[in-house]
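Participant: make a model of this:
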Amino acid sequence: MSKTNPKSSSSLVYSTDSGRLCPQCSQPIIHCICKQQKPSAKGDGIVRISRETKGRGGKSVNVITGLALAPAELEKLCTQLKKRCGTGGTCKEGTIEIQGEHRDTLVAELSKLGYTVKKAGG
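Facilitator: Below is the predicted model of the structure:
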């Protein structure tokens with residue numbers, strides 16, 4: 001069921017057919033064309049792995065930055081790393097977050113994939 005704005009017939013206001021819509025391209029989130037066109041992260045070619053606990057209730061998370069990949073490739077790498085570590089994680093705004101203390105495993109896995117990797121932070 002779709003409702004349109006009576007003042008403007010081209011703007012979709014609400015739809016239950018396809019779930020959430022992208023605010024920029026008005027496509028369903030899973031079919032968003034904007035997400036595929038976002039520029040990849042730019043950097044110096046070095047992947048950095050840092051450990052964060054701030055704002056996470058004392059639990060540590062490994063944050064991987066510096067990967068110049070498209071969003072779909074970043075998601076694929078995130079899934080591969082989560083399986084390798086046997087833990088959860090997410091992919092946010094060009095970074096990968098892996099739960100737990102797995103920096104050494106992540107450094108070894110990313111080095112094996114051909115990335116130049118450094119441990120960042122404490």
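Participant: so which other helices or strands are in contact with the helix or strand where residue 119 lies?
Facilitator: In this assignment (DSSP states H and E), residue 119 forms part of strand 116-120. Contacts defined by 3 or more C-beta pairs under 8 Å, 6 or more residues apart in numbering; DSSP states H and E place strand 116-120 against strand 46-52, helix 103-112. Glycine gets a C-beta too; all of them are placed from N, C-alpha and C.
Participant: quick one: the helix or strand that the first one is followed by to chain centroid distance?
Facilitator: What that stands for is strand 46-52. Following strand 46-52 in sequence order, the next helix or strand is strand 61-65 (DSSP H and E). Distance of strand 61-65 from the chain centroid (C-alpha atoms, centre = their mean, to the nearest Å) equals 11 Å.
Participant: ditto for stretch 48-59
Facilitator: For stretch 48-59, the distance to the chain centre is 17 Å (C-alpha atoms, centre = their mean).
Participant: and residue 98, that one's in a helix?
Facilitator: No - applying DSSP: H, G, I helix; E, B strand; the rest coil, one finds residue 98 to be strand, outside a helix.
Participant: tell me who's in contact with it.
Facilitator: 61-62, 64, 81-82, 85, 87-89, 106 (C-beta atoms under 8 Å, 6 or more residues apart in numbering).
Participant: pull out the buried positions in stretch 73-93.
Facilitator: 74, 77-78, 81-82, 84-85, 87, 89, 91 (16 or more other C-beta atoms under 10 Å).
Participant: counting only strands, which of those make the cut?
Facilitator: The strands, defined by DSSP state E, take in 89, 91 from the buried residues of stretch 73-93.
Participant: show me the two of the buried residues of stretch 73-93 that sit farthest apart.
Facilitator: Using C-beta to C-beta, the buried residues of stretch 73-93 reach their maximum pairwise distance at 74 and 87, which is 17.6 Å.
Participant: per-residue confidence at the spatially most central residue of the chain?
Facilitator: Residue closest to the average C-alpha location in the chain (C-alpha atoms, centre = their mean): residue 91, at 2.5 Å. If you check residue 91, the pLDDT there is 91.
Participant: having no further points to raise, I will conclude here.
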